[in-house]
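Q: Here is my input, please return the structure:
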Amino acid sequence: MKHPGPLITLFAGLVLGLFMLSLNATTGEPSPTAVKRPAQSRPPGPSPSTPAPRSPATVPATSPVARPQTEYAGRTADDTASVAISLRGDRAIAYFCDGHTQEAWLRGPVEDDGDMHLTSTDTDARLDGFLDAGRVTGTVRINGRDHLFTAPKAGKPAGLYRATAEVRGAELKGGWIITQDGRQVGIVTRDGETTAAPPIDPATGAVTVDGTQLTARPVVP
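A: The predicted model follows:
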């Protein structure tokens with residue numbers, strides 16, 4: 001008769017194994033033979049692109065005021081001289097003349113607000129003026145003296161005229177101002193000597209100097 005001992009022992013071992021498996025499933029603990037795998041790191045994704053710095057907005061260059069050519073002509077406050085200004089765009093040319101010995105040609109820029117500071121390349125004369133309400137007001141400084149002036153807008157033939165020529169071997173230069181009321185003031189210079197200029201024909205600019213006929217033309221800045 002065989003002894004049941006070994007069978008009982010085997011059966012008891014099976015029951016114990018099943019009991020342990022059931023216990024592990026209930027508690028959620030990993031079995032002793034489970035191998036814990038290291039967590040895999042994800043490959044680095046593309047970093048968010050940094051927007052390129054924006055360049056500052058380009059400010060369009062301010063273009064000069066589109067002023068058509070306009071003439072201004074008037075007298076000084078003490079009525080001893082005339083002042084004429086020819087203006088186009090942002091440039092101006094002016095002429096100061098007392099009709100005897102003092103004259104000055106002046107040039108320079110005109111600001112958008114009408115402010116102007118004109119200078120002479122031949123003398124120390126200077127014109128500081130302001131364009132507003134259809135006229136230029138300001139001061140001409142010449143030979144150390146200031147002359148206040150007002151030069152209203154002038155219609156043709158009023159304005160500024162000039163003539164240059166060579167007469168009998170002498171260089172001749174003439175400048176004329178015609179004001180709105182038809183008054184003329186001018187100086188003719190012959191090799192550095194100045195005298196009062198004869199009147200010009202307002203319609204054609206024709207003038208006779210020392211027996212020679214010349215043509216005085218409007219001045220363009």
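Q: List the strands paired with the host helix or strand of residue 149, with their directions.
A: Secondary structure here is read from DSSP states H and E; on that basis residue 149 sits in strand 145-154. According to DSSP bridges, strand 145-154 forms sheet pairs with strand 70-76 (antiparallel), strand 135-142 (antiparallel).
Q: and that strand, what's its mean pLDDT?
A: Per-residue confidence for strand 145-154 averages out to 96 on the pLDDT scale.
Q: Contacts for that strand, please.
A: The set of residues external to strand 145-154 that reach it, using Cβ atoms under 8 Å, 6 or more residues apart in numbering, is 70-78, 80-81, 83-85, 96, 129, 134-141, 178-180. The C-beta positions use only the backbone N, C-alpha and C, and glycine is treated the same way.
Q: which helices and strands does the following helix or strand past that strand pack with?
A: Past strand 145-154, heading to the C-terminal end, the next element that is a helix or strand (DSSP H and E) is strand 159-167. Based on contacts counted as 3 or more Cβ pairs under 8 Å, 6 or more residues apart in numbering; DSSP states H and E, the elements that strand 159-167 packs against are strand 70-76, strand 82-88, strand 91-97, strand 170-178, strand 206-209, strand 212-215, strand 217-218.
Q: Give me the residues contacting the longest one.
A: Read it as strand 170-178. By Cβ under 8 Å, 6+ apart, the residues outside strand 170-178 that reach it are 73, 82-84, 95, 97, 103, 105, 154, 157-166, 184-191, 197, 199-200, 202, 207, 209-210, 214, 216.
Q: Can you give the distance of that strand from its chain's centre?
A: 36 Å (Cα atoms, centre = their mean, to the nearest Å).
Q: List the neighbouring strands of it plus their orientation.
A: Every partner of strand 170-178, by DSSP bridges, with its direction: strand 159-167 (antiparallel), strand 184-190 (antiparallel).
Q: so which of those is the most packed in?
A: Mean neighbour counts were taken over those using mean count of other Cβ atoms under 10 Å, and the top value, a mean of 21, falls to strand 184-190.
Q: Report the backbone C-alpha coordinates of it in CSV.
A: What follows is strand 184-190 as a C-alpha-only set of coordinates in CSV (Å, rounded to 0.1, in the frame of the first residue of the first chain):
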residue,chain,number,x,y,z
GLN,A,184,10.5,150.3,-59.9
VAL,A,185,13.8,150.3,-58.0
GLY,A,186,17.0,149.1,-59.4
ILE,A,187,20.8,149.3,-59.4
VAL,A,188,23.3,148.8,-62.3
THR,A,189,26.9,147.8,-61.4
ARG,A,190,29.7,148.4,-63.9
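Q: What's the first helix or strand after that strand?
A: Downstream of strand 184-190, the next assigned helix or strand under DSSP H and E is strand 193-196.
Q: Could you give the number of residues near residue 179?
A: 19 (other Cβ atoms under 10 Å).
Q: Sorry, slip of the keys, the one I care about is residue 217.
A: Close neighbours of residue 217, defined as other Cβ under 10 Å, add up to 13.
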